[in-house]
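K.L.:
any chance you can model this:
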Amino acid sequence: MSYVTQADLGGQPGFGPVTPEPEGELFHADWEPRALALTLAMGATGSWNIDASRAMRETLPNYRDLSYYQIWLGALEQLMLQRGQVFPDEIATGEMRHPAAPVARVLQAGNVPAVLAKGAPTERAAPGPARFAIGQAVRMHIDKADHHTRLPSYVQGKRGTIEHVHGAHVFADANAQGLGEQPQWLYTVVFNEAELWGNAAPRQNLSVSVDAWESYLEASA
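P.N.:
Coordinates of the predicted model:
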């Protein structure tokens, strides 16, 4: 059975129009900056990697009922619960009731700007030559993964064209499961609207770009 992921929302009806917000409007409630700070601070401890945190967010069972930072906070709670870094009674009361679990690193306030500026590059040494080239037609695999995957269901089995070759990058599917980085070549694949949605496409000559690892792809005539 395929693993449910909220990356599969593309093209699904019933969500209403996209309403752009003013540029620079980052938060909508006083608690949201704190949720962001907590997530960054705990991520910096090394207790999990960025792919594990993304996988947790995208597989929350109530994802569609939550706001952006409610998703971040919900995923953080689950990651910490799994590791004994917080307990249900602490979440329920908002009070510390158990000894703090040790962590490998602590992000000090004064170091935050430098850490954020440095980021976490994912490009790695290539494991071999790239199988695909710019302009080549490819077809996306029909994925049967029993884990979180970055391959959206709405492109599975669809035919697209390689637009960019990005080098080798950490393979998020493996890294999220704690199986190591397993770097693979990463490509941008472009699909036209009719290929993805057939007669339901708006016929506005639109295209959709998806970044896809090499194991997602096969050559297509």
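
K.L.:
give the next helix or strand downstream of whichever strand or helix holds residue 186.
P.N.:
Using DSSP states H and E, residue 186 falls within strand 184-192. Counting by DSSP H and E, the element after strand 184-192 in chain order, helix or strand, is helix 193-197.

K.L.:
how far out from the middle of the chain is that following helix?
P.N.:
23 Å (CA atoms, centre = their mean, to the nearest Å).

K.L.:
how about stretch 197-215?
P.N.:
The gap between where stretch 197-215 is centred and where its chain is centred comes out at 19 Å by CA atoms, centre = their mean.

K.L.:
what is the mean pLDDT for that stretch?
P.N.:
What stretch 197-215 shows for mean pLDDT is 86.

K.L.:
helices of this structure, start to end?
P.N.:
32-43, 50-58, 68-82, 88-93, 112-118, 172-176, 193-197 (DSSP state H).

K.L.:
list the contacts of the closest residue to residue 57 other than its chain neighbours.
P.N.:
Leaving aside its sequence neighbours, residue 57 sits nearest to residue 75 (CB to CB, 6 or more residues apart in numbering; 4.1 Å). For glycine as for every other residue, the C-beta is placed from the backbone atoms N, C-alpha and C. By CB atoms under 8 Å, 6 or more residues apart in numbering, the contact set of residue 75 is 39, 53, 56, 57, 60.

K.L.:
can you add distance to residue 13, pLDDT and neighbour count and give those back as TSV?
P.N.:
Formatted as TSV, the contacts of residue 75 follow (distance: CB to CB, whole Å; pLDDT from 0 to 100; neighbours: other CB atoms under 10 Å):
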residue	distance to residue 13	pLDDT	neighbour count
39	31	96	18
53	29	96	20
56	27	95	21
57	23	94	23
60	22	93	17
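
K.L.:
want to throw the helices of the chain into CSV with distance to residue 133?
P.N.:
Output for those, formatted as CSV (distance: least, CB to CB, whole Å):
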stretch, distance to residue 133
helix 32-43, 36
helix 50-58, 27
helix 68-82, 37
helix 88-93, 50
helix 112-118, 32
helix 172-176, 23
helix 193-197, 20
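
K.L.:
and of these, who's closest to residue 141?
P.N.:
When those are compared by CB to CB, helix 172-176 sits nearest residue 141, at 11.9 Å.

K.L.:
so in the chain, which strand runs the longest?
P.N.:
For the chain, the strand with the greatest residue count under DSSP state E is strand 159-169.

K.L.:
and the helices of the chain, which is most packed in?
P.N.:
Among the helices of the chain, the stretch with the highest mean neighbour count (mean count of other CB atoms under 10 Å) is helix 172-176, at a mean of 22.

K.L.:
gap between the residue lying closest to residue 9 once chain neighbours are set aside and residue 50?
P.N.:
Of all residues not flanking residue 9 in the chain, residue 15 sits nearest, at 7.2 Å (CB to CB, 6+ apart). According to CB to CB, to the nearest Å, residue 15 stands 26 Å off from residue 50.
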